[in-house]
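A.B. asks: Any chance you could fold what I've pasted below:
(2 chains)
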Amino acid sequence: MTVHAAPQGDRLYAAHCAACHGETGSGGVGVPLSLPSFLDGIDDEFLRITIRQGRPGRVMPAFKSLSDAQVNAIIRHLRSWSDKPAPTYTRTTIQGDVEQGRQLYATHCAECHGENGDGGKGTGVAFSRKRAHDIVPPALNNRAFLAAASDEMIRRTLQQGRQGTPMQSFIKLGLSGQQINDLVSYVRSFELQQATPKVPHDGHVEAAISMESAYSLEETVENLKDAIISQNFIIIREDTLEHGLVREGEDDPSEKILHFCNFKFLYDALEVDPRIGMFLPCRVTVTEIDGKVTVTTINPVYLGRLFNNDELHEYCVEMKALYTTILEDATL
Amino acid sequence: MKQRLGGLFLLLAAWQLPVIAMAEDLIMTRSVLAFPEAMLALQESIAAHGYTVSRVQRIDVGLTGMGYETDKYRVVFAGKIEEIRQFTDKAPQLTPFLPPKIAIFAEGGQTVLVTINPQQYGEIAGDAIDPAIFDRWESDLRSIFHDVNSAR
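C.D. replies: Reported below is the predicted structural model:
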């Protein structure tokens, strides 16, 4: 007979959540989960759907492989951070005036949550880097948010705010019950216009950008330096692919790497996603095999697909264009 | 005996479960250690697993040198020369991703590590490389991240 032990929420949380949300839920790459105003304002269904669906295009991945028992165990672990019982909400539609809500949204919400509910820039909590918001305002037009949040939950958030975040109580701001209902209806209307994730997950995307050079290896390297500088990058160094892996002088000289950076671009990109070290530093590899010289870079759009971050995707598209220009300039 | 070994494997797998984000495109972990201690633990574990750190790119130094404020942020490149040579020879499309790297950065007094799940390299390489190598890389990376996570 097989006996299955009940999943341990603390271990599952440590395995799947803590790297981003912090071991005690204080936040990081992910938003803080242990805020009393957060835990006491959301129901278990919100957490369940959020874990299952993630936030498409907003970093939080979908944990589809977890069993129901495991998801419930994680939720119990989160609940252990609050001494209050979880609220319960019905899925009743709140009737409000969408047009009135639109105007109220523009006045009271758009500055943080974006004109179209796209949410704030960046990820989670800004512990170590400066940015506009200490805690990223959620994307209200995100289809997974709208699936997870009931109208009643949105209304309660508007009524009470989120202590410990910039989100204020709209009652304290002087809005009436009807105005709050209007706002709920407007947020719900995002379902009709919600943005689809920009990151391409379907279809083939080449992992690398590669071009054959008409020049010798040395000439191609010099051409690349000129092309890199002309695109406002700074060359950091030139070495071989094997540098540091073998003793000095034993590395293969037919595999060169140019490392370069645009620090303004890097700084801005770090605000969007602190995990972008996987792209760093920018570099081009030049190889010579049987007299054929090839220049290669990563395709940032390919790599960017791993991050589930629409904002980062926009940077990746820009980087791909810059890399392509540099490679073309150096090889044609 | 086989059952016992299976049980032992599951026990070991469960032991490692709490520390590493599992089965994703990116593998991440968090260390309660401050950045310098976490970086030391990382480099020691990389070496203990038989890999060579080929370079540490000091992203934060470059940024602050250009006038941008940032906390500690480094990228650690590591690999095994014979594997790197095999990859560039048989799967040149992997070349711009080599050597593999780990980003390590300070976050609120703790340290976060992130790397690409090596299975992604396997997808890029296609049939050119034995997938067992990427399985081992993934296993080693999770073990390295476990070491850093549990270091005190």
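
A.B. asks: Now chain A against chain B: closest residue?
C.D. replies: Closest approach between chain A and chain B, counting by C-beta to the nearest C-beta: A:Gly277, at 2.3 Å. In this view, the C-beta of every residue, glycine as well, is placed from N, C-alpha and C.

A.B. asks: looking at it, that residue is touching B:Leu113, isn't it?
C.D. replies: No - using C-beta atoms under 8 Å, A:Gly277 is not in contact with B:Leu113, being 9.4 Å away.

A.B. asks: Pull out the buried positions in stretch B:98-114.
C.D. replies: Judged by neighbour count using 16 or more other C-beta atoms under 10 Å in any protein chain shown, the buried positions of stretch B:98-114 are B:98-107, B:110-114.

A.B. asks: hang on, I meant stretch B:119-139
C.D. replies: Counting neighbours by 16+ other C-beta under 10 Å, stretch B:119-139 gives B:119-122, B:124-125, B:129, B:133-134, B:137-138 as buried.

A.B. asks: ok, now stretch A:23-42?
C.D. replies: Buried, per 16+ other C-beta under 10 Å, within stretch A:23-42: A:23, A:25, A:27-35, A:37-42.

A.B. asks: Within reach of chain B, which of the residues you listed are there?
C.D. replies: A:23, A:28-29 (C-beta under 8 Å from any C-beta of the partner chain).

A.B. asks: before we move on, back to that, with pLDDT added, can I get the buried residues of stretch B:119-139 in JSON lines?
C.D. replies: As requested, the buried residues of stretch B:119-139 are exported to JSON lines (pLDDT from 0 to 100):
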{"residue": "B:Gln119", "pLDDT": "94"}
{"residue": "B:Gln120", "pLDDT": "94"}
{"residue": "B:Tyr121", "pLDDT": "94"}
{"residue": "B:Gly122", "pLDDT": "93"}
{"residue": "B:Ile124", "pLDDT": "93"}
{"residue": "B:Ala125", "pLDDT": "93"}
{"residue": "B:Ile129", "pLDDT": "93"}
{"residue": "B:Ile133", "pLDDT": "94"}
{"residue": "B:Phe134", "pLDDT": "95"}
{"residue": "B:Trp137", "pLDDT": "95"}
{"residue": "B:Glu138", "pLDDT": "95"}
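
A.B. asks: of all the residues you listed, which comes closest to chain A?
C.D. replies: B:Ile124 (4.4 Å).

A.B. asks: Okay, and which of the buried residues of stretch A:23-42 map to strands?
C.D. replies: Among the buried residues of stretch A:23-42, no member is found in strands (DSSP state E).

A.B. asks: Right, and chain A sits closest to which residue of chain B?
C.D. replies: B:Ala103 (2.3 Å).

A.B. asks: pLDDT at that residue, what is it?
C.D. replies: With respect to pLDDT, B:Ala103 scores 97.

A.B. asks: And for A:Ile75?
C.D. replies: So, for A:Ile75, pLDDT stands at 97.

A.B. asks: A helix includes it, no?
C.D. replies: Yes - the assignment for A:Ile75 by DSSP: H, G, I helix; E, B strand; the rest coil puts it in a helix.

A.B. asks: give me every residue that touches the closest residue to A:Ile49 other than its chain neighbours.
C.D. replies: Leaving aside its chain neighbours, A:Ile49 sits nearest to A:Ala148 (3.8 Å; criterion: C-beta to C-beta, 6 or more residues apart in numbering or on different chains). Counting by C-beta atoms under 8 Å, 6 or more residues apart in numbering or on different chains, A:Ala148 makes contact with A:45-50, A:53.

A.B. asks: thinking again about what came up before, enumerate the beta-bridge partners assigned to the residue of chain B closest to chain A.
C.D. replies: B:Val75, B:Val114 (DSSP bridges).

A.B. asks: tell me the contacts of it?
C.D. replies: Counted by C-beta under 8 Å, 6+ apart, B:Ala103 has contacts A:275-278, A:280, B:73-76, B:113-115.

A.B. asks: what about residue 71, neighbour count?
C.D. replies: Assuming you mean chain A. A:Val71 is flanked by 22 other residues according to other C-beta atoms under 10 Å in any protein chain shown.

A.B. asks: Chain B, not that one
C.D. replies: B:Asp71: 18 neighbours (other C-beta under 10 Å).

A.B. asks: Checking the residue nearest to A:Gln70 when sequence neighbours are not counted next. Helix, strand or coil?
C.D. replies: Counting by C-beta to C-beta, 6+ apart, the nearest residue to A:Gln70 once its immediate chain neighbours are dropped is A:Pro7, at 4.6 Å. Here A:Pro7 is recorded as coil under three-state DSSP.

A.B. asks: just the ones next to chain B among the buried residues of stretch A:23-42 now: which is nearest A:Val71?
C.D. replies: A:Glu23 (19.4 Å; C-beta to C-beta).

A.B. asks: mind listing the strands in the stretch 151-300 of chain A by residue range?
C.D. replies: A:208-213, A:234-240, A:255-261, A:282-289, A:292-298 (DSSP state E, counting those that start in this stretch).

A.B. asks: Ok, chain B next?
C.D. replies: B:26-31, B:52-58, B:73-79, B:101-107, B:110-116.

A.B. asks: Distance to A:Tyr13 added to those strands, as JSON lines?
C.D. replies: As requested, those are exported to JSON lines (distance: least, C-beta to C-beta, whole Å):
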{"stretch": "strand B:26-31", "distance to A:Tyr13": "12"}
{"stretch": "strand B:52-58", "distance to A:Tyr13": "31"}
{"stretch": "strand B:73-79", "distance to A:Tyr13": "26"}
{"stretch": "strand B:101-107", "distance to A:Tyr13": "18"}
{"stretch": "strand B:110-116", "distance to A:Tyr13": "16"}
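
A.B. asks: now A:Asp44: how far from A:Val221?
C.D. replies: 59 Å (C-beta to C-beta, to the nearest Å).

A.B. asks: which one of those two has more residues nearby?
C.D. replies: A:Val221 (20 against 17).

A.B. asks: Contacts only, for residue 90.
C.D. replies: Since you didn't name a chain, this refers to chain A. Going by C-beta under 8 Å, 6+ apart, the list of residues near A:Thr90 reads A:150, A:152.

A.B. asks: Wait, chain B was what I had in mind.
C.D. replies: Taking C-beta under 8 Å, 6+ apart, one finds B:125, B:128-129 in contact with B:Lys90.

A.B. asks: same question, A:Ile235
C.D. replies: A:225, A:228-229, A:258-260.

A.B. asks: how near is it to A:Ala19?
C.D. replies: Distance from A:Ile235 to A:Ala19, by C-beta to C-beta: 34 Å.

A.B. asks: what's the farthest-apart pair in the buried residues of stretch B:98-114?
C.D. replies: B:Leu98 and B:Gln110 (29.3 Å).

A.B. asks: In chain B, where's the longest helix?
C.D. replies: The single longest helix within chain B, with elements called by DSSP state H, is helix B:131-150.

A.B. asks: Quickly check: that one near chain A or not.
C.D. replies: No - figure legend: helix B:131-150 not in contact with chain A (C-beta under 8 Å from any C-beta); closest approach 8.7 Å.

A.B. asks: can you state the direction angle for that helix and strand B:101-107?
C.D. replies: If you take axes from the mean of the first three to the mean of the last three C-alpha atoms, to 10 degrees, helix B:131-150 sits at 20 degrees to strand B:101-107.

A.B. asks: which residues sit against helix B:131-150?
C.D. replies: B:16, B:19-20, B:27-31, B:33, B:38, B:41-42, B:44-46, B:48-49, B:51, B:83, B:100, B:102, B:111, B:113, B:115, B:117-119, B:121-122, B:125.

A.B. asks: Buried ones only from the residues you listed, please, as a ChimeraX command.
C.D. replies: Applied in ChimeraX, the following selects the buried portion of the contacts of helix B:131-150 according to 16+ other C-beta under 10 Å:
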select /B:16,19,20,27,28,29,30,31,33,38,41,42,45,46,49,51,83,100,102,111,113,115,117,118,119,121,122,125
